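[1] What follows is a predicted protein model with its sequence.
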Amino acid sequence: QTGAAMEQLRWALTTGVAPVLVTSALASGVRGLGKLVGAAPGQRDVDLAREVGCPPWKLKSMRSQARGWDARGLATALKAVAVADADVKGAAEDAAYSLERAVLAVAAARRS
């Protein structure tokens, strides 16, 4: 849902959300999915939630989000988010452009 993600990003930036908070949220989401995808199978939800670092009720939505991701795609997405994080902290002049590029890279990493 790349279009919806771009729309939400632009809305957030227009309403004054700090770019560093966007990269923080992206990083947290990608890291959580990475922990979920890499977790040992067959765990109870309580144990899995503890390992992933989320409440047990959130696992259902995270499992849905994890479909279509593999370790390589998650690594690519995390790298894109790390670059955007550096950009919004001063490595680039246009934080909004860096965030848009990161959203597009994360979306592409999921499909590949």
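    Cool, got the structure.
[2] in the host helix or strand of residue 60, what's buried?
    If you go by DSSP states H and E, residue 60 is part of helix 59-66. For helix 59-66, a neighbour-count test (16 or more other C-beta atoms under 10 Å) marks 59, 62, 66 as buried. Using the backbone N, CA and C atoms, a C-beta is placed for each residue, glycine as well.
[3] which secondary structure elements does it contact?
    Here helix 59-66 touches helix 19-38, helix 45-52, going by 3 or more C-beta pairs under 8 Å, 6 or more residues apart in numbering; DSSP states H and E.
[4] ok, and what's touching the helix or strand just after it?
    Scanning forward in sequence from helix 59-66 by DSSP H and E, the next helix or strand is helix 71-86. Helix 71-86 has contacts (C-beta atoms under 8 Å, 6 or more residues apart in numbering) with 20, 23-24, 26-27, 30-31, 33-34, 37-38, 92, 98-99, 101-102, 105-106, 109-110, 112.
[5] Just the buried ones among these, please.
    Among the contacts of helix 71-86, those buried by neighbour count (16+ other C-beta under 10 Å) are 23, 26-27, 30-31, 33-34, 37, 98-99, 101-102, 105-106, 109-110.
[6] Which of the residues you listed lies at the shortest distance from residue 12?
    For these, the residue nearest residue 12 by C-beta to C-beta is residue 99; the value is 8.9 Å.
[7] what ranges of this structure fall below the confidence cut-off?
    Residue ranges of the chain with pLDDT under 70: 111-112.
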